[in-house]
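Student: Okay, sequence plus prediction incoming.
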Amino acid sequence: HAIGRSIDEETSRVLPASAEHFRRSSELIPGGASRGRFWWPAPIYVERARGVSLHDIDGRTYIDCLVGFGSMILGHAHPAVTDAVAAQVALGTVFGAPCVQEEHLARLVVSNVPGAERAVFVGSGTEATMTALRIARAATGRDVVAKFEGGWHGAQDFLLHSFTETDGELTAPRAVPSSAGLSRSSSRDVVVLPYNHDAALVRIRDEAHRLACVVVEPVQGAAGGLPTEREFLERLRAVCDETGVLLVFDEVISGFRLGPAGAGGLYGVTADLVTLGKIIGGGLSIGAVAGRADLMGRVASREGRPVAASGTFAANPLSMAAGVAQLSVLLDDPDTYPRLAVLGQRMRDGLRQVLAAHGIRGWVTGVGSLWGLHFSAESPRTVRDLATASPSVARVLAAYLLLEGVVMSAPVHLGFLSTAHTEKDVDLVISAHSSALKRMKEE
Ligand code: PMP
């Protein structure tokens with residue numbers, strides 16, 4: 001509590017302009033900011049961003065470890081992306097008619113993502129997962145969808161269960177609403193599965209007659225960078241094949257981050273449908289569903305009712321242009337992904353060394369350019385293992401990191417690297433963790 005008060009005071013002293021905006025906005029916007037709830041004790045207001053640097057309205061500069069929640073894999077304001085966006089802005093931004101950039105982006109998705117024979121674009125990752133569920137229901141004639149504990153698939157009712165809070169036996173979880181205001185029927189139409197546990201496979205077999213699909217993040221992102229074990233993913237694929245339940249990979253974070261072929265490529269497992277977002281929009285709003293041609297054809301079905309997948313901003317030329325520009329730069333250099341993986345490993349190794357040096361029990365998770373840091377009792381494989389970690393420790397760490405000039409998420413510690421991060425940036429982030437953890441230990 002005392003630590004909380006001292007951080008609060010220190011933050012308002014160091015960041016007076018942000019603190020003042022936050023105070024004034026709190027009279028207008030619930031919680032002070034629509035994008036504010038990840039920040040404690042208060043958010044910074046960012047004026048501009050370039051590369052890995054965020055510059056706030058108090059004149060401070062930070063190394064950004066969130067890079068647009070993973071969207072800005074080239075770093076902020078990459079010239080290829082800003083040029084493409086500026087050119088498109090001058091030509092118009094929403095047409096209500098198709099634009100040629102959509103074909104270009106679809107080709108980049110279809111030629112890189114395993115199992116993607118067709119792709120459609122929507123406005124956000126949330127819309128992508130909503131659309132994927134509809135396609136799966138239309139194709140199977142079944143209502144119920146399955147998801148894993150700890151999986152985050154956007155703020156949509158069915159999949160918004162058992163994100164951090166869990167209930168029931170480990171092998172037989174019960175669905176816990178992760179938001180107020182969900183309908184009871186949405187809770188009835190979801191089956192929650194234990195992550196990385198073979199009991200999930202038994203449950204899928206038992207429930208198969210009413211299951212349209214199983215949705216999984218091949219690396220759980222918002223839960224803190226917890227990878228699905230390869231053998232588990234392979235067994236999941238096999239049980240879906242055996243039962244006719246469709247397998248949906250939610251690659252909104254991992255798509256074009258873990259490699260051109262995403263997590264599907266990294267693990268060598270192909271889903272029936274894949275949802276994408278973030279990176280494919282170059283920093284503008286986007287979502288996509290890609291997958292088997294017969295399933296994707298449901299959105300333009302001539303026999304029976306088509307699956308709705310549209311929206312005012314779906315496939316708008318600005319998002320398409322930004323996405324094409326970002327993916328083109330990303331895919332152009334064969335060294336991009338190996339380099340990101342090396343930097344990610346440097347970060348994970350460095351953070352493990354910091355924990356050891358301070359004698360702090362903690363765990364570093366992640367894969368490729370993603371990492372998480374957790375203070376649970378045991379090395380976490382699932383969100384249940386994280387229940388033993390105190391969210392306030394993660395919050396205090398993030399608050400101290402901010403004061404050290406590093407932007408990191410809390411209470412879930414999930415970091416993202418971009419091609420703009422250098423070894424020096426990684427080392428600075430590691431030493432900021434060392435200073436922040438030292439302060440926490442002293443207090
Ligand atoms: N799926 C996953 C795996 C995500 O991480 C997110 C967003 N963090 C979403 C879906 C939702 O995407 P959006 O925020 O663009 O709606």
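Tutor: Thanks, I have the structure now.

Student: Which strands and helices lie in contact with the helix or strand bottoming out on mean pLDDT in the chain?
Tutor: Ranked by mean pLDDT, DSSP states H and E, the helix or strand of the chain with the weakest confidence is helix 2-14, at a mean of 84. Judged by 3 or more C-beta pairs under 8 Å, 6 or more residues apart in numbering; DSSP states H and E, helix 2-14 is in contact with helix 391-403. For every residue, glycine as well, the C-beta is placed using N, CA and C.

Student: Using CSV, write down the CA coordinates of the helix it packs on.
Tutor: Taking Å, rounded to 0.1, in the frame of the first residue of the first chain, the C-alpha atoms of helix 391-403 are listed here in CSV:
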residue,chain,number,x,y,z
PRO,A,391,-1.0,-8.9,-9.9
SER,A,392,0.2,-6.0,-7.8
VAL,A,393,3.9,-7.1,-8.1
ALA,A,394,3.6,-6.9,-11.9
ARG,A,395,1.9,-3.5,-11.6
VAL,A,396,4.6,-2.1,-9.4
LEU,A,397,7.2,-3.5,-11.7
ALA,A,398,5.6,-1.8,-14.7
ALA,A,399,5.2,1.5,-12.9
TYR,A,400,8.9,1.4,-11.9
LEU,A,401,9.9,0.4,-15.5
LEU,A,402,8.0,3.5,-16.7
LEU,A,403,10.0,5.7,-14.4
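
Student: The ligand contacts on the chain?
Tutor: Contact residues (C-beta under 6 Å from any ligand atom) of the chain with the ligand: 69, 124-126, 129, 152-154, 217, 221-222, 250, 252-253, 277, 287.

Student: For residue 118, state which of the residues you listed is nearest.
Tutor: residue 287 (15.0 Å; C-beta to C-beta).

Student: residue of this structure with the smallest distance to the ligand?
Tutor: residue 125 (2.1 Å; C-beta to the nearest ligand atom).

Student: Can you tell me the closest non-neighbouring residue to that residue?
Tutor: Distances taken as C-beta to C-beta, 6 or more residues apart in numbering put residue 277 closest to residue 125, at 3.2 Å, once the chain neighbours are dropped.

Student: hang on, isn't the residue of the chain closest to the ligand packed against residue 289?
Tutor: No. Residue 125 is not in contact with residue 289 according to C-beta atoms under 8 Å; the separation is 10.3 Å.

Student: Now for these two: what residues contact both?
Tutor: 275, 276 (C-beta atoms under 8 Å, 6 or more residues apart in numbering).

Student: Provide the secondary structure category for residue 365.
Tutor: Three-state assignment for residue 365 (DSSP: H, G, I helix; E, B strand; the rest coil): strand.

Student: Next, count neighbours for it.
Tutor: Residue 365 is flanked by 23 other residues according to other C-beta atoms under 10 Å.

Student: That one is in contact with residue 372, isn't it?
Tutor: Yes. Using C-beta under 8 Å, residue 365 is in contact with residue 372, at 4.3 Å.

Student: Quickly list what's touching both of those two.
Tutor: Contact criterion C-beta under 8 Å, 6+ apart; residues shared by residue 365 and residue 372: 224, 225, 226.

Student: so who does the first one touch?
Tutor: By that I understand residue 224. Residues near residue 224 by C-beta under 8 Å, 6+ apart: 365, 372, 374, 380, 383, 386, 412, 413, 414.

Student: thinking the second one is in contact with residue 220, fair?
Tutor: No. With contact defined as C-beta under 8 Å, residue 372 and residue 220 do not form a contacting pair (9.2 Å).

Student: These two: which is more packed in?
Tutor: Remark: of residue 372 and residue 220, residue 220 carries more neighbours, 30 against 25, as counted by other C-beta under 10 Å.

Student: Surely residue 275 is within a strand?
Tutor: Yes. Counting by three-state DSSP, residue 275 is located in a strand.

Student: Run a quick neighbour tally on it.
Tutor: 30.

Student: Could you check how far the residue nearest the centre of the chain is from residue 414?
Tutor: With distances taken as C-alpha atoms, centre = their mean, residue 253 lies nearest the centre of the chain, 4.0 Å away. Counting by C-beta to C-beta, to the nearest Å, the gap from residue 253 to residue 414 is 9 Å.

Student: shared neighbours, these two?
Tutor: Counting by C-beta under 8 Å, 6+ apart, the residues touching both residue 253 and residue 414 are 221, 222, 370.

Student: List the ones among the residues you listed that fall in strands.
Tutor: residue 370 (DSSP state E).

Student: Filter the shared contacts of residue 253 and residue 414 down to the buried ones.
Tutor: 221, 222, 370 (16 or more other C-beta atoms under 10 Å).

Student: what would those residues look like in JSON lines with pLDDT?
Tutor: Converted to JSON lines, those look like this (pLDDT from 0 to 100):
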{"residue": "221", "pLDDT": "96"}
{"residue": "222", "pLDDT": "94"}
{"residue": "370", "pLDDT": "98"}
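
Student: Spell out the secondary structure type for the residue of the chain positioned farthest from its centre.
Tutor: Distance from the C-alpha centroid of the chain peaks at residue 303, with 35.5 Å (C-alpha atoms, centre = their mean). Secondary structure, three-state DSSP: residue 303 is coil.

Student: For the residue nearest to the centre of the chain, which residues are in contact?
Tutor: Here residue 253 is in contact with 70, 217, 219, 221, 222, 278, 370 (C-beta under 8 Å, 6+ apart).

Student: rerun that using 10 Å as the cut-off
Tutor: Counting by C-beta atoms under 10 Å, 6 or more residues apart in numbering, residue 253 touches 69-71, 125, 152, 217-222, 225, 262-263, 276-279, 370, 414, 416.

Student: Pull the residues that contact the helix or strand where residue 19 lies.
Tutor: Assessed by DSSP states H and E, residue 19 sits inside helix 16-25. If you take C-beta under 10 Å, 6+ apart as the criterion, helix 16-25 is touched by 8, 11-13, 15, 29, 31-34, 36, 39, 41-47, 56-60.
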